[in-house]
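**Student:** turn this into a model:
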Amino acid sequence: QVQIVESGGGLVQPGGSLRLSCAASGFTFSRFAINWYRQVPGKERELVASIDSTASSTIYADSVKGRFTISRDDAKSTVYLQMTSLKPEDTAMYSCNAKFVQSSYRATSYWGQGTQVTVSS
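**Tutor:** Take a look at the predicted model:
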């Protein structure tokens, strides 16, 4: 059974830090790229950070570059999103997505339920 469970969200003051975790099971985690998305009600979902299956490539949204760091521990089937210098505009539901592209027309994608991050004083 495939499971993706996010954790680590919560309420933090502006300028604070949080570390989100994305723990996976039920599939070959090491073959999947992992993406962190965030969404605010009424707005489109935004790709925040991405790490490829070998951890050799990472991508960040311009809005979080220099503040967020994505990493993975395949031995634990877990991806982390270290968030620093948090701003109120980082407030959102953060969701983890695992994606494996088999070909140009076929991909496997799994989603977690998300963890809420609220940045407020």
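**Student:** give the contact list for residue 114.
**Tutor:** Taking CB atoms under 8 Å, 6 or more residues apart in numbering, we find residue 114 in contact with 6, 93-96. No exception for glycine: its C-beta is placed from N, CA and C like everyone else's.
**Student:** likewise residue 110?
**Tutor:** Residues near residue 110 by CB under 8 Å, 6+ apart: 2, 4, 24, 27, 32, 97-99.
**Student:** show me how to select, in PyMOL, the buried members of the residues you listed.
**Tutor:** In PyMOL, the members of the contacts of residue 110 classed as buried (16 or more other CB atoms under 10 Å) are selected with the following command:
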select buried, resi 4+24+27+32+97+98
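**Student:** ok, so of the contacts of residue 110, who is nearest residue 63?
**Tutor:** Nearest to residue 63 among the contacts of residue 110, counting by CB to CB, is residue 97 at 18.1 Å.
**Student:** pull the contacting residues for the spatially closest residue to residue 96 that is not a sequence neighbour.
**Tutor:** Distances taken as CB to CB, 6 or more residues apart in numbering put residue 22 closest to residue 96, at 3.5 Å, once the chain neighbours are dropped. Taking CB under 8 Å, 6+ apart as the criterion, residue 22 is in contact with 4-6, 34, 36, 78-81, 96, 112.
**Student:** good, we can wrap up now.
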